[in-house]
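> this one's structure only:
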């Protein structure tokens, strides 16, 4: 996918440097280094909806995860989909990637996530003020499974609406 951007080459280079830094610290299982690329008061929404508040919680949680559920993983940034410069100190980035286990060679559809990052410029570098990560699960807009699911939803909604009507 081609990057959609309102950013110049220097901003794109800064974004790439930041994303590469996140991957480097992740791949070294360095929670403090990873969190050091976030602002002290950063908001971090994990793929499962859990919110981490601030650099210290991001560091502590990732240190734990790197020793347990994310042990041995590597972070892969597949694509920078868009970079929108809000002002000279703020940019919004959308990217895709995944945390892969050692036996995984490439990002599969099941592992692919999309991240939205709000970046702020601190001096000559970008840091993450807000991060939201979600699994990419396309909405099936057609096919037999869609038709059955759509019919089931309509039946439940209609039943709920009828039960609320005065008798």
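Nice, thanks for sending it over. Computed from a predicted structure; not experimentally measured. Numbering: from 1, shown residues only.
> where does this protein have low pLDDT?
Applying pLDDT under 70 to the chain flags the ranges 1-5, 167.
> By residue count, what's the longest helix in it?
Ranked by residue count, the top helix of the chain under DSSP state H comes out as helix 144-164.
> quick one: that helix to chain centroid distance?
32 Å (C-alpha atoms, centre = their mean, to the nearest Å).
> What lies in contact with it?
residue 140 (C-beta atoms under 8 Å, 6 or more residues apart in numbering). Where you see a C-beta, it was placed from the backbone N, CA and C, and this is true even at glycine.
> Burial check on the residue nearest to residue 136 when sequence neighbours are not counted, number of neighbours?
Nearest residue to residue 136 in three dimensions, chain neighbours excluded: residue 112, at 4.5 Å (C-beta to C-beta, 6 or more residues apart in numbering). Per other C-beta atoms under 10 Å, the neighbour tally for residue 112 reads 16.
> Wait, residue 112 touches residue 98, no?
Yes - with contact defined as C-beta atoms under 8 Å, residue 112 counts as touching residue 98 (5.6 Å).
> what sits in contact with each of these two?
Residues touching both residue 112 and residue 98 (C-beta under 8 Å, 6+ apart): residue 78.
> can you tell me which strand in the protein is longest?
strand 74-87 (DSSP state E).
> and that one, what does it pack onto?
On a contact count with 3 or more C-beta pairs under 8 Å, 6 or more residues apart in numbering; DSSP states H and E, strand 74-87 meets strand 4-5, helix 9-27, strand 90-100.
> Taking their axis directions, the last one and helix 9-27 sit at what angle?
Translated: strand 90-100. 30 degrees (axes from the mean of the first three to the mean of the last three C-alpha atoms, to 10 degrees).
> Residue 27 is in contact with residue 75, isn't it?
Yes - with contacts counted by C-beta under 8 Å, residue 27 reaches residue 75, the gap being 6.2 Å.
> most tightly surrounded among the helices and strands packed on strand 74-87?
Among those, strand 90-100 has the highest mean neighbour count (mean count of other C-beta atoms under 10 Å), at a mean of 20.
> For the helix or strand just after that strand, buried residues please.
Past strand 90-100, further along toward the C-terminus, the next helix or strand under DSSP states H and E is strand 113-122. Judged by neighbour count (16 or more other C-beta atoms under 10 Å), strand 113-122 contains these buried residues: 113, 114, 115, 116, 117, 118, 119, 120.
> That's all I had, so thanks and see you.
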